[in-house]
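Participant: predicted structure and sequence below. I'll ask about it afterward.
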Protein chains: 2
Amino acid sequence: MPSDRPAARRPYAARMPLEERREELLDAALRVLVRDGYGRLTISAIAAEAGVTRPVVYDAYGGIDPLLHALLDRTRQRALDATLALIPTGGVRIELDRWMLEAADGLLRAAQSDPETWRPVLGLIDGAPPVVRERTEGTLALVRGFVADVLRTNLDPGTELDVEVVAHSLVALVQEFARLLLTRPDEYPKERLLAAYAGILALRRRP
Amino acid sequence: MPSDRPAARRPYAARMPLEERREELLDAALRVLVRDGYGRLTISAIAAEAGVTRPVVYDAYGGIDPLLHALLDRTRQRALDATLALIPTGGVRIELDRWMLEAADGLLRAAQSDPETWRPVLGLIDGAPPVVRERTEGTLALVRGFVADVLRTNLDPGTELDVEVVAHSLVALVQEFARLLLTRPDEYPKERLLAAYAGILALRRRP
DNA sequence: GCCAATTACTACACGGGTGTAGATTCGCAC
DNA sequence: GTGCGAATCTACACCCGTGTAGTAATTGGC
């Protein structure tokens, strides 16, 4: 062999302005996250997934923490937008039973149509570090607040209920349904879950 | 200084037969786990917490995986024992509403009295790897099965309900209450949670 | 076509956890 | 009290991810 080739230089990845690169890195990071969990969400893995070398990631985000922060922000915003679209605000009066069903339906649809966003949000990704729990909890608190408002506005005046705990319960319940839908869709398709939910709600009227 | 002391040998930890050492290591591991999460549950950290050197841990368990497995087994068994004690088996007939309240009360008591066992079981420890989710899910499936049996045995014959989904919901609800109790006891003391729960159940009778 | 700024890559040092081989000490049995 | 086996410790090599300084290629503007 005449030339012991000097470690074959890696072909350059397509160049990209910083902002665009940042978005692409977030996309790559989300793929890694959903596929492998937080435990394997490393700078190395993200760079490999995006087809670039690690310094590119450092130039774009400075480290895993800012990157994760940005990823959580983007994901949170998407999920929150979809969720708040289902909740009437500003003291609008609605029919509670009907709304609870429609909102559940809407949320299950959202989760089903964009699982990459919702799996992390629903806590279905393994290895979540504390920062994830904190941020998720903050978002959930917001949603629970809106749900509680809806309840206060629309519950029969006579009803004595701990609205905050009930809001907690409703949100937890719908979340659990969404988890079932995403993890065992064959066993628990949307129709089954909604029918069961309707059955539970109906107990309130048929003594 | 006459003697440049040769790195001061570490004092020996008290010797212990293997089985006893294993238990002590599990205790240490549980403390580390609850305090720092799965992300910091390393052989090094466990050895330090137990006051021994790493080879002791390797001799006792062979690595982090067998140790974690043993720890999960022990924790799971404790939680499962406490839980199954609350669920009537073998087709015994009971009064459903009363039982649901008593069982919730019992579980909240259990969680409150032994948080080190229940925090991991309730998913309150950060950074759980896939194996934890799998094992927890298996245990939950068992519990849900028993709850579903109770429902089948004691629901009014006329009631048309998706018993499996309802069991899922009940278990998820009580779990959520337990999480609230352990993470925000001042805001959500046991009495408040149980009162709210009773209120929700009561809706079934007061139309 | 060429140049310069921008973007990407190579190469290094570091830190922390893993796993193991071999030396050392403890403490029970006799 | 003294062995001797069991239990513990020391010391090493290894891997993998981090973070950065310096080098090289690309590409848009002229």
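Facilitator: Nice, thanks for sending it over.
Participant: for the rest of this, base every contact and every neighbour count on C-alpha atoms.
Facilitator: Noted.
Participant: residue numbers of chain A in contact with chain B?
Facilitator: A:38-39, A:126-130, A:133, A:160-162, A:165-166, A:169, A:172-173, A:176, A:193, A:196, A:199-200, A:203-207 (CA under 8 Å from any CA of the partner chain).
Participant: just the ones of those residues in strands?
Facilitator: The strands, defined by DSSP state E, take in nothing from the residues of chain A next to chain B.
Participant: and these, which are buried?
Facilitator: Buried members of the residues of chain A next to chain B, scored by 16 or more other CA atoms under 10 Å in any protein chain shown, are A:38-39, A:126-129, A:133, A:161-162, A:165-166, A:169, A:172-173, A:176, A:193, A:196, A:199-200, A:203-204.
Participant: list the residues that contact the closest residue to A:Gly199 other than its chain neighbours.
Facilitator: If the residues on either side of it in the chain are set aside, A:Gly199 comes closest to B:Leu161, at 6.2 Å by CA to CA, 6 or more residues apart in numbering or on different chains. Residues in contact with B:Leu161, defined by CA atoms under 8 Å, 6 or more residues apart in numbering or on different chains, are A:Ala196, A:Gly199, A:Ile200.
Participant: nearest to DNA strand C among the residues you listed?
Facilitator: Nearest to DNA strand C among these: A:Ala196, at 44.7 Å, using CA to the nearest atom of the strand.
Participant: look up how far A:Gln77 lies from the residue nearest to the spatial centre of chain A.
Facilitator: Nearest to the mean C-alpha position of chain A, counting by CA atoms, centre = their mean, stands A:Val121 at 2.6 Å. With distances taken as CA to CA, to the nearest Å, A:Val121 is found 10 Å from A:Gln77.
Participant: then A:Glu191?
Facilitator: Here the criterion is CA to CA. By it, A:Glu191 lies 27 Å from A:Gln77.
Participant: touching both of A:Val121 and A:Gln77, which residues are there?
Facilitator: Common contacts of A:Val121 and A:Gln77 (CA under 8 Å, 6+ apart): none found.
Participant: what mean pLDDT does stretch A:113-127 have?
Facilitator: Across stretch A:113-127, the average pLDDT comes to 97.
Participant: get me the contact residues on chain A for DNA strand D.
Facilitator: Counting by CA under 7 Å from any atom of the strand, chain A comes close to DNA strand D at A:11-12, A:14-15, A:40, A:42-44, A:54-55, A:58, A:62-64.
Participant: tell me the one of the residues you listed nearest B:Ala110?
Facilitator: A:Arg40 (34.9 Å; CA to CA).
Participant: the closest one: what's it in contact with?
Facilitator: Listed by CA under 8 Å, 6+ apart, the contact set of A:Arg40 reads A:Val32, A:Leu33.
Participant: can you check the one 5 residues further on too?
Facilitator: If you count contacts by CA under 8 Å, 6+ apart, A:Ala45 has them with A:Val32.
Participant: switch to 7 Å and redo it
Facilitator: Contacts for A:Ala45 (CA atoms under 7 Å, 6 or more residues apart in numbering or on different chains) come out as none.
Participant: identify each buried residue in the helix or strand that contains it, please.
Facilitator: Assigned by DSSP states H and E, A:Ala45 belongs to helix A:43-50. Across helix A:43-50, burial judged by 16+ other CA under 10 Å covers A:Ile43, A:Ser44, A:Ala45, A:Ile46, A:Ala47, A:Glu49, A:Ala50.
Participant: with adjacent residues omitted, what lies nearest to the residue of chain A found nearest chain B?
Facilitator: Going by CA to the nearest CA, chain B is nearest to A:Gly127 of chain A, at 3.7 Å. Spatial nearest neighbour of A:Gly127, chain neighbours left out: B:Gly127 (3.7 Å); criterion: CA to CA, 6+ apart.
Participant: quick check on that neighbour: phi, psi?
Facilitator: Main-chain torsions, B:Gly127, degrees, to the nearest 10: phi 80, psi 20.
Participant: ok, now which ones touch it?
Facilitator: For B:Gly127, counting by CA under 7 Å, 6+ apart, the contacting residues are A:Asp126, A:Gly127, A:Ala128, A:Pro129, B:Gly37, B:Tyr38, B:Gly39.
Participant: what's the farthest-apart pair in these?
Facilitator: Largest separation among these by CA to CA: A:Asp126 and B:Gly37, giving 12.8 Å.
Participant: the top helix by length along chain A: how far from the chain's middle?
Facilitator: Longest helix in chain A by number of residues, with DSSP state H as the criterion: helix A:130-154. A distance of 14 Å separates the centroid of the chain from that of helix A:130-154, by CA atoms, centre = their mean, to the nearest Å.
Participant: tell me the buried residues in that helix?
Facilitator: Buried residues in helix A:130-154 (16+ other CA under 10 Å): A:132-133, A:135-136, A:139-140, A:143-153.
Participant: again, but for stretch A:95-107
Facilitator: In stretch A:95-107, counting by 16+ other CA under 10 Å, buried: A:Met100, A:Leu101, A:Ala103, A:Ala104, A:Asp105, A:Gly106, A:Leu107.
Participant: how close does the fourth one sit to DNA strand D?
Facilitator: Counting by CA to the nearest atom of the strand, to the nearest Å, the gap from A:Ala104 to DNA strand D is 38 Å.
Participant: any idea how far B:Ala82 is from that residue?
Facilitator: A:Ala104 is 33 Å from B:Ala82, by CA to CA.
Participant: now the first one
Facilitator: If you measure A:Met100 against B:Ala82 using CA to CA, the figure is 34 Å.
Participant: over to the second one?
Facilitator: A:Leu101 sits 35 Å away from B:Ala82, going by CA to CA.
Participant: the fifth one now?
Facilitator: Using CA to CA, we find A:Asp105 at a distance of 36 Å from B:Ala82.
Participant: A:Arg54: neighbouring residues, count only.
Facilitator: For A:Arg54, the count of nearby residues is 17 (other CA atoms under 10 Å in any protein chain shown).
Participant: for A:Tyr188, same thing?
Facilitator: The local packing of A:Tyr188 (other CA under 10 Å) involves 18 other residues.
Participant: need phi/psi at it.
Facilitator: phi -130, psi 70.
Participant: name the element the nearest residue to A:Thr117 once chain neighbours are set aside belongs to?
Facilitator: The spatial neighbour of A:Thr117 that comes closest, neighbours along the chain excluded (CA to CA, 6+ apart), is A:Thr75 at 5.7 Å. Taking DSSP H and E as the criterion, the element that holds A:Thr75 is helix A:64-84.
Participant: now that helix: buried residues?
Facilitator: By 16+ other CA under 10 Å, the buried positions in helix A:64-84 come out as A:Ile64, A:Leu67, A:Leu68, A:Ala70, A:Leu71, A:Leu72, A:Thr75, A:Arg76, A:Ala79, A:Leu80, A:Thr83, A:Leu84.
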